[in-house]
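Enquirer: From the sequence below, what's the structure:
(4 chains)
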Protein chains: 2
Amino acid sequence: MNKRPTIRDVAAMAGVSVATVSRVLSGDYPVANATRTKVQRAVRELDYVVNAHARALSGSTSNVVALVMYDVVTPFFAFIASGVEYQATESDRLCLVCTTHGDPDRELEIVKLMREQHADAVILVGGVNMTDDYRERMYRYAKGLEDAGSRLVLCGRPSLGPDFPAITVEYDNSGGAFSATSHLLSSGHRRIAMLGGPIGNTTFDARLDGYRRALEAFRVPVDPALISHGDMSQETGFRQIQRLLADGVEFTAVFAANDFVAAGAMRALRAAGKRVPDDVSVIGYDDTPFAPELTPALTSVHLPHEELGRTAVKLALQRGEGSARQHVMLGTHIAMRDSVRPLI
Amino acid sequence: MNKRPTIRDVAAMAGVSVATVSRVLSGDYPVANATRTKVQRAVRELDYVVNAHARALSGSTSNVVALVMYDVVTPFFAFIASGVEYQATESDRLCLVCTTHGDPDRELEIVKLMREQHADAVILVGGVNMTDDYRERMYRYAKGLEDAGSRLVLCGRPSLGPDFPAITVEYDNSGGAFSATSHLLSSGHRRIAMLGGPIGNTTFDARLDGYRRALEAFRVPVDPALISHGDMSQETGFRQIQRLLADGVEFTAVFAANDFVAAGAMRALRAAGKRVPDDVSVIGYDDTPFAPELTPALTSVHLPHEELGRTAVKLALQRGEGSARQHVMLGTHIAMRDSVRPLI
DNA sequence: ACGCGTAGGGTAAACGCTTTCTAGAATCGT
DNA sequence: ACGATTCTAGAAAGCGTTTACCCTACGCGT
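Expert: Predicted structure coming up:
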């Protein structure tokens, strides 16, 4: 096993100083053509690659973007991650991925690790419980990261105010829910069950808010019996429909907090002998890739997941005054399929 | 914006030398309790975090594991990534994620970047085209990474031989296909269409091989008309069924190269008025989370995705003689659901 | 011919940590 | 009580780059 060559070895072989090698490599400083060629030959000869840590230590930018999310497999996160990875690559950055599984301690640990790494940007993804504890925690993160020269980005979660030292990139969560509910309402549905969603979670709360606003706009009273809470899983959707049916709550349509909940709901409806969309219309949220594969193909609120991720990186990397606390909101649209039918 | 404190600042505040601070932080070397306390207080006071690059430069391990895959959203990759991330965290490593989208140039670029980063392990995930060019490329990667002190891991792709300086962690791809096909055969099916799959890709080839072996074991002739190629998408499954039907090829069962292909196939069958499983049985591969949500719930070959990822990291990080070229093969099993029915 | 701006390149000081080497102090065996 | 250990901690030499600073040589306007 050869020891890996350093810049000195390259300099020696090329017969120049290390400074010159460094200059050839970074390509900023003027270097004579003959010299450049000699250096490049030596680099190839020795199969030399720079030491990123030495460079980061000396230079002070690590060229790393960090992504912190709940998990890596839920399509919502996976697609945002995809956008982040894409844009990071585009911007010649590497992409560090960490998961919290909702554990604040782990999150704290990760932010500390990112300070150690001098990440150019730290992107926190997804809904949260907006408590005082959370705000305070974010404030500490922001301070720590700022001192380390990192940008903090809140992605797919609400801004903490214009004075908060972080970039926010969210999508119109409440607006999407408003559209979805309005779609059902204008199809004649009045008894619309709202399913899924951890109570207090900003994502679910926003979706619930859109649901409420749409009902109000149509002057339909909000019936608390139609609103259920739980996590965002298929099981939740399945059980919530079962309970609604068992309790004899009447409804002709279902607005699920996301596509998993919708899938579970459809399964429960089918099990109970209800046909979708003939007896009950169903609409989901997130427009997951499997939505079109369900039977019937699921109508869902489409989110700009990848663009969310890309924008987060783009804004974080853009230097200049005031660039450290921007706020962007992306739109959504409904992907119409076969799970919604007008009420006759 | 305060400048971030260094180890010297901590040393100064605690009234000790930097060496002592370093030792308190790494916790290996014996330090008097009183001293340790003083240092820890100073660390907390200053909100000090070490500089990972300085540490890596001096120490020489970066505590980073790199994951290189086709993309980040396909469940196959996402679940392996999940396992990798989990085990990396477990082992106090950070996880760098890169995607190639099948571009060899990008892959080369990434391996170079990982050499720069001194990643502890570089994990290459997923099937490939096993060409001479590929072997040669891998050999160059292995050499370069070995010099940089990194372990190379081939995950979910075949080993390059016991002498090749890389760890291999694969699953029994061909065996899974054998089981799936046997399941169909022992249910009485004889005309089984094999769908999807890029020709030459090790993953698809292995699945095809299992299909063939099962047919032979049941003394059923292999009919080339039943085997179609394409990518691993829903569209492929959809179109391949359409073509089979249009060509008047007879079949009573479908073995799809993965669950996406299976979903597309089921859609095409439904569109053609064929019922699944009454008229045609369908079996998928990968056991994606949406498999149980399809109608009917899809029977599929379950893969130990997460364990694949975890094992890759575990083996790569374990030091000692011979640990650099191990070969592990994990098993699969069939997740039985409702898309297969015995032929009467 | 002279001064000057600039291209080209070398020297050496950081960057922030780990670790070896060294040494004083405290403890122990006899 | 005294040499031999054992603790504890500091000094300083790297680790591999980048970059500020300095110097030479050359082209050019006047």
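
Enquirer: show me where pLDDT drops low in the stretch 1-150 of chain A?
Expert: Applying pLDDT under 70 to the stretch 1-150 of chain A picks out residues A:1-2.

Enquirer: What's the per-residue pLDDT of A:Glu321 here?
Expert: A:Glu321 is assigned a predicted lDDT (pLDDT) of 67.

Enquirer: can you check the one 4 residues further on too?
Expert: Note on A:Arg325: pLDDT of 82.

Enquirer: what's the closest non-adjacent residue to it?
Expert: Excluding the flanking residues, the one nearest A:Arg325 by C-beta to C-beta, 6 or more residues apart in numbering or on different chains is A:Pro165, at 5.9 Å. The C-beta positions use only the backbone N, C-alpha and C, and glycine is treated the same way.

Enquirer: Wait, a helix at the one you found?
Expert: No: under DSSP: H, G, I helix; E, B strand; the rest coil, A:Pro165 sits outside any helix and is assigned coil.

Enquirer: wait, what's in contact with the closest residue to A:Cys95 other than its chain neighbours?
Expert: With C-beta to C-beta, 6+ apart as the measure, A:Ala88 is the residue that lies nearest to A:Cys95, at 4.4 Å, once sequence neighbours are left out. By C-beta atoms under 8 Å, 6 or more residues apart in numbering or on different chains, the contact list for A:Ala88 reads A:Val65, A:Leu94, A:Cys95, A:Val313.

Enquirer: In TSV, list those along with secondary structure and neighbour count.
Expert: Below are these laid out as TSV (DSSP: H, G, I helix; E, B strand; the rest coil; neighbours: other C-beta atoms under 10 Å in any protein chain shown):
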residue	secondary structure	neighbour count
A:Val65	strand	29
A:Leu94	strand	26
A:Cys95	strand	25
A:Val313	helix	29
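
Enquirer: Now do the residue nearest to A:Cys95 against DNA strand C, distance only.
Expert: A:Ala88 sits 24 Å away from DNA strand C when distances are taken as C-beta to the nearest atom of the strand, to the nearest Å.

Enquirer: Please identify which helix or strand holds that residue.
Expert: When elements are assigned from DSSP states H and E, A:Ala88 belongs to helix A:75-90.

Enquirer: Dump that helix to PDB, keeping only the CA atoms.
Expert: Backbone C-alpha positions of helix A:75-90 (Å, rounded to 0.1, in the frame of the first residue of the first chain) are rendered in PDB as follows:
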ATOM      1  CA  PRO A  75     -41.300   9.800   0.000                       C
ATOM      2  CA  PHE A  76     -41.900  13.300   1.300                       C
ATOM      3  CA  PHE A  77     -38.400  13.400   2.700                       C
ATOM      4  CA  ALA A  78     -36.800  11.300   0.000                       C
ATOM      5  CA  PHE A  79     -37.900  13.700  -2.700                       C
ATOM      6  CA  ILE A  80     -36.800  16.700  -0.900                       C
ATOM      7  CA  ALA A  81     -33.500  15.000  -0.300                       C
ATOM      8  CA  SER A  82     -33.300  14.300  -4.000                       C
ATOM      9  CA  GLY A  83     -33.700  18.000  -4.700                       C
ATOM     10  CA  VAL A  84     -31.100  18.900  -2.100                       C
ATOM     11  CA  GLU A  85     -28.600  16.400  -3.500                       C
ATOM     12  CA  TYR A  86     -29.200  17.600  -7.000                       C
ATOM     13  CA  GLN A  87     -28.500  21.200  -6.300                       C
ATOM     14  CA  ALA A  88     -25.600  20.400  -3.900                       C
ATOM     15  CA  THR A  89     -23.900  18.500  -6.700                       C
ATOM     16  CA  GLU A  90     -24.700  21.300  -9.100                       C
END
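
Enquirer: Show me how far that helix is from its chain's centre.
Expert: 8 Å (C-alpha atoms, centre = their mean, to the nearest Å).

Enquirer: Stretch A:117-125 too?
Expert: The mean C-alpha position of stretch A:117-125 is separated from the chain mean by 13 Å, C-alpha atoms, centre = their mean.

Enquirer: and what of stretch A:72-92?
Expert: Stretch A:72-92 has its average C-alpha position 8 Å from the chain's average C-alpha position, going by C-alpha atoms, centre = their mean.
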